[in-house]
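In: from the sequence below, what's the structure:
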Amino acid sequence: MMQAKEIMTKDVVTVSGSATIADAVAMMKDKGLRALIVEPRYNGDPYGIVTETDIVYKVAAYGHDPKAMHVYEIMTKPCIVVNPELGADFVA
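Out: The predicted structure is shown next:
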């Protein structure tokens with residue numbers, strides 16, 4: 001049985017929730033990514049995620065200034081985290 005660790009992305013890129021949307025977009029463009037993991041603010045705080053879809057639908061579609069908005073304003077939180085040893089069929 002295939003495990004989650006065999007199909008997961010291992011080299012993730014993180015961004016601070018206080019970063020601007022413009023900073024996040026620049027990071028995505030530079031790294032060739034479509035999403036960034038948002039770092040927890042303190043121990044026990046869950047990870048978040050911001051995707052290019054979030055940016056299109058929550059920033060660009062409303063004409064918001066990406067230099068004035070922050071990642072924490074549009075991110076999805078918490079991320080669902082799974083054990084890499086779990087079977088891929090269970091994770092799906």
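In: measure the residue nearest to Val81 when sequence neighbours are not counted to His64 for me?
Out: Taking CB to CB, 6 or more residues apart in numbering as the measure, Val81 lies nearest to Tyr47, with 7.1 Å between them; neighbours along the chain are not counted. The way it works is simple: take the backbone N, C-alpha and C, and place the C-beta from them, glycine included. As for Tyr47, its distance to His64 is 24 Å (criterion: CB to CB, to the nearest Å).
In: counting neighbours, what do you get for the closest residue to Ala19 other than its chain neighbours?
Out: The spatially closest residue to Ala19, leaving aside those adjacent along the chain, is Val71, at 5.1 Å (CB to CB, 6+ apart). With neighbours defined by other CB atoms under 10 Å, the count for Val71 comes to 23.
In: please apply the same query to the one 10 residues further on.
Out: The tally of other residues near Val81 (other CB under 10 Å) stands at 8.
In: count residues in the vicinity of the residue nearest to Val81, would you?
Out: A count of nearby residues for Tyr47, using other CB under 10 Å, gives 16.
In: and the one 10 residues further on, by the same measure?
Out: Tyr57 is surrounded by 12 other residues when neighbours are defined as other CB under 10 Å.
In: mind listing what's buried along whichever strand or helix holds it?
Out: The secondary structure element spanning Tyr57 is helix 52-58 (assigned by DSSP states H and E). Burial within helix 52-58, assessed by neighbour count using 16 or more other CB atoms under 10 Å, is assigned to 52, 54-55, 58.
In: ok, what's across the strand from Thr20?
Out: In this structure, Thr20 bridges to His70 when assessed by DSSP bridges.
In: wait, it touches Tyr72, no?
Out: No. In this structure Thr20 lies outside contact range of Tyr72 using CB atoms under 8 Å: 10.6 Å.
In: who has more neighbours, these two?
Out: When neighbours are counted by other CB under 10 Å, Thr20 and Tyr72 differ, and Thr20 comes out ahead with 18 against 15.
In: how close does Val71 get to Asp89?
Out: Val71 is 33 Å from Asp89, where distance means CB to CB.
In: can you show me the helices along this structure?
Out: Counting by DSSP state H, the chain has these helices, from start to end: 21-31, 52-58, 88-91.
In: nothing else from me, thank you.
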